[in-house]
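Asks: predicted coordinates and the sequence they were generated for:
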Amino acid sequence: MIVAEGRARPWVSGARKWQDRGFTIFMWACATVAMVPLVLITLYVATRGYHALSINFFTKEPAGPLDPTAGGILQSFIGSALIVGMATMFSVPLGVFAAVYLSEYGRGWFASAMRLIAEVLLSTPSIVAGAFIWSVVVVAMGSFSAVAGALSLTVLMWPVIARATEEVLRLVPQDLREGALALGLPRWKVILRVVVPTAGAGTITSIMLAVARGLGETAPILLTALGNDFINTNPLQPTDAVPLRIYDYARTSVEPLHVFAWGGALILLAAVLVLSIAARVLSTRQQKRIA
């Protein structure tokens, strides 16, 4: 033991110090290598897509074939907001209630089955969710619609919210629950007024991660919402979305529209990055708060 400034400090051999430094350098190198593809993809999309960014790009519908660059993809932004907004409205209550049940009451075979379902849906290809909603909703309604698109995204989003929120709720100290129960509050009020608010930042983080996943999905929207060249706010009609517009423009033979596809990809990438970074910041603050 080495005594420094009145405190005992354990002695560490030089070999262990070098091992620690070497492992630290190795981990930083791995993190850097993992970041390289993200940086390269971001730079590549930005250099290809920034040419499309203009006032018309955000404020106009697609123009005619004579001058396609005079238009924009306003209907795609509105459609994505409509579809993802409804999906969020559907998936947040379902995911949060499932998380509360699993973390506070979940015992036995039913809770195990619910966790298994959530885990399976987390790893299920998105096109499977789209095909399921197509067969159940689109065929029954007789038309593609924004509602069907929102339901297909709900299948993908609620497991993200449920599993992430469950883990955050489990981080809430048991002392808070016991203290509130000791004051005479019923258990449901303890959960509603103590547990859920304490894990509020983590719950918002899980919602943001789910929204980020829903924003980038193409296959389920293609099978359920189909797309639209015009602005549509009727949830029962075919509706466009940014991923669909990128898909359509990327496979067209009209070269100027390829720039619009890159522009849409840039906006989508920026939105997902912002949501992911914000979710990470909130998650870090939540961990510090609970600790």
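Replies: Looks like it arrived, so ask away.
Asks: excluding sequence neighbours, find me the nearest residue to Ala199.
Replies: Leaving aside its chain neighbours, Ala199 sits nearest to Val168 (4.5 Å; criterion: CB to CB, 6 or more residues apart in numbering). The C-beta positions use only the backbone N, C-alpha and C, and glycine is treated the same way.
Asks: and the one you found, what does it touch?
Replies: Val168 is in contact with 99, 199, 202-203, 205-206, 286, counting by CB atoms under 8 Å, 6 or more residues apart in numbering.
Asks: next one: phi and psi at it?
Replies: Dihedral angles of Val168 (phi, psi; degrees, to the nearest 10) stand at phi -70, psi -40.
Asks: going forward, the N-terminal residue is numbered 12.
Replies: Got it, the first residue is 12 from now on, which makes the last one we talked about Val179.
Asks: for it, give its distance to Gly213.
Replies: Val179 sits 3 Å away from Gly213, going by CB to CB, to the nearest Å.
Asks: tell me, what's touching these two both at once?
Replies: By the contact definition CB under 8 Å, 6+ apart, Val179 and Gly213 are jointly contacted by Gln297.
Asks: buried subset of the contacts of Val179, written for ChimeraX?
Replies: Buried members of the contacts of Val179, identified by 16 or more other CB atoms under 10 Å, are gathered into one ChimeraX selection as follows:
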select :110,210,213,214,216,217,297
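Asks: turn the contacts of Val179 into TSV, columns for secondary structure, distance to Gln185 and pLDDT.
Replies: Putting the contacts of Val179 into TSV (DSSP: H, G, I helix; E, B strand; the rest coil; distance: CB to CB, whole Å; pLDDT from 0 to 100) gives the following:
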residue	secondary structure	distance to Gln185	pLDDT
Ala110	helix	17	96
Ala210	coil	13	90
Gly213	helix	17	88
Thr214	helix	19	92
Thr216	helix	22	90
Ser217	helix	21	93
Gln297	helix	17	70
